[in-house]
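> Based on what follows, work out the 3D shape:
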Amino acid sequence: MALQSSLSDQLLSPEIRKIFRALGDGHVRFVGGCVRNALLGEPIRDIDLATTLFPRNVTDRLSKNGIKSIPTGIDHGTVTAVINGKAFEITTLRIDKITDGRRAKVEFSDDWEGDARRRDFTMNALYADLDGYVYDPLGVGLADLEKRKVRFVGDPDLRIREDYLRFLRFFRFSLFYGKGKFDRQGYDACARHAAGLKKLSRERITQELTKIILHPDCPKALERMRQAKGLASLFGRKFDVGTLKRLVHCQAGQTYGEDHLFVTRLLLVSGFGSQVEKRIGKWLVLKKKQRALVAVLGSFRINTIRIDTGGVTRWMVEDGRDLALMRLDLCYALGHLSRALHQKFSVQILEDPIPVFPVGAADLMALGYRGGALGDCLKELYRLWTRSGFKSDRQALLENVIPK
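Residues are numbered from 1 along each chain as shown. Next comes the predicted model:
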């Protein structure tokens, strides 16, 4: 089945045209996400190409046309073409011969329908040529895309057993492209295979889960994942979707960075509380800054803290604005703060100047302090400054110091 369509200008760049000329129009097509998003009118991140040519033939033709190629996944038929600093993955049509839930041994092919049958979802089994013809070898992908139906190709159980990452991809795609609706057969199959997530690498889990968590409607998908035992399989803790909804609600419209959003939401999804840092580290690979944030916030004992103007000021002094806002968001999400107070303290954190401890080592050295005695005196003065609500000035604090 083929459909004439208007392709995005992004798919018709000079670099793409050069690749099509090098490989021959009849041997190469756009495939997967770039076709799906072009038809939906959504942004295109990566442009992937499929070809009937075997990898060695691909590299030879690229080379003859002055195009640099990198054998990024040659065993699986993938060659990356690089033109003007832009990278395009070109993969030979293939059929999975052996799968173990993580990776597959493939056989190269020139059969477009066979290649389509090994893909995850019908909306991803679409191909297009430079003239704008969209090919739907399975005969259902275009209809499912139009209905925004995220449906596994063929038998959902088989597709998931081939690669357990498809469990996470099912929930992500249903969230991003299915308008939060979950195909019943696909969902039931995911629930039957949740334990398979433990076979995946931490890197692959992190990549998919991050995209879900950062979506503004993530509570819907994560709650369904919880019901399908996916989160328990990873984190082994109860997940309360109500707290996550409160968190996402209070973060809506804010200009927080991705680390702020991801770490605060991840802490709730993984159960927060005792050993949360260990649970997260077991299944996810975080960036250095994210690990540091999890370490600090994971030890945050909300039940024992005082949440008032003075307490919030202390967070600002000790942790800076970003961490203070993250603490505040978690307090609100966990029900320890009203919406009105959350808004009040957010303004305080964003707008009030952060008090600076007014005494330095030079001040105490001038009074004869050295070494350990100097350090102990500074700590005592800092304690007094904290007790004053960070209001005592340099002169007031130094009046407590007896010159040596």
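
> Which parts of the protein belong to which domain?
Here the domain parsing of the chain from automatic domain parsing is 1-147, 300-351, 361-398.

> ok, which stretches of the stretch 51-200 of the chain are strands?
68-73, 78-83, 86-92, 94-99, 104-108, 127-128, 133-135 (DSSP state E, counting those that start in this stretch).

> what angle sits between the second one and strand 86-92?
Think strand 78-83. 150 degrees (axes from the mean of the first three to the mean of the last three Cα atoms, to 10 degrees).

> Buried residues, strand 78-83. List them.
78-81, 83 (16 or more other Cβ atoms under 10 Å). Backbone N, C-alpha and C define where each C-beta goes, glycine included.

> per-residue pLDDT, residue 58?
On pLDDT, residue 58 comes in at 95.

> Contacts only, for it.
Taking Cβ atoms under 8 Å, 6 or more residues apart in numbering, we find residue 58 in contact with 23, 51, 69, 79, 90, 92.

> ok, it to residue 90 distance?
Distance, residue 58 to residue 90, by Cβ to Cβ, to the nearest Å: 6 Å.

> average pLDDT for stretch 284-292?
On average, stretch 284-292 scores 96.

> For it, which residues meet the burial criterion?
Per 16+ other Cβ under 10 Å, stretch 284-292 contains these buried residues: 284, 286, 290-291.

> Mind checking which of those are in helices?
Secondary structure assignment by DSSP state H places 290-291 of these in helices.

> so can I have JSON lines of the buried residues of stretch 284-292 showing distance to residue 148?
Converted to JSON lines, the buried residues of stretch 284-292 look like this (distance: Cβ to Cβ, whole Å):
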{"residue": "284", "distance to residue 148": "29"}
{"residue": "286", "distance to residue 148": "32"}
{"residue": "290", "distance to residue 148": "32"}
{"residue": "291", "distance to residue 148": "37"}
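
> Which one of the buried residues of stretch 284-292 is nearest to residue 184?
Ranked by distance to residue 184 (Cβ to Cβ), those are led by residue 284 at 29.2 Å.

> Run a quick check on the closest one versus residue 202, I expect a contact.
Yes - between residue 284 and residue 202 there is a contact at 5.8 Å, judged by Cβ atoms under 8 Å.

> Count the neighbours of residue 136 for me.
Counted with other Cβ atoms under 10 Å, the neighbours of residue 136 add up to 21.

> typo on my end, residue 278
9.

> which parts of the helix or strand containing it are buried?
Secondary structure assigned from DSSP states H and E places residue 278 in helix 276-283. Of all the residues in helix 276-283, those buried under the rule 16+ other Cβ under 10 Å are 276-277, 279-280, 283.

> same for it, what does it pack against?
In terms of contacts (3 or more Cβ pairs under 8 Å, 6 or more residues apart in numbering; DSSP states H and E), helix 276-283 is packed against helix 202-214, helix 230-235, helix 288-298.

> who's in contact with the most centrally placed residue in the chain?
Nearest to the mean C-alpha position of the chain, by Cα atoms, centre = their mean, lies residue 210 at 2.1 Å. Shown in contact with residue 210 (Cβ under 8 Å, 6+ apart): residue 262.

> I'd like the distance between it and residue 259.
11 Å.

> which parts of stretch 329-348 are buried?
329-334, 337, 341-342, 345-346.

> any chance of those residues in TSV, plus pLDDT, secondary structure and distance to residue 243?
Formatted as TSV, these follow (pLDDT from 0 to 100; DSSP: H, G, I helix; E, B strand; the rest coil; distance: Cβ to Cβ, whole Å):
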residue	pLDDT	secondary structure	distance to residue 243
329	96	helix	11
330	94	helix	9
331	94	helix	11
332	95	helix	9
333	95	helix	5
334	91	coil	6
337	91	coil	12
341	95	helix	17
342	95	helix	14
345	96	helix	18
346	95	helix	18
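
> Between which two of these is the distance greatest?
The farthest-apart pair in the buried residues of stretch 329-348, when distances are taken by Cβ to Cβ, is 334 and 346, at 16.1 Å.

> Much appreciated, bye for now.
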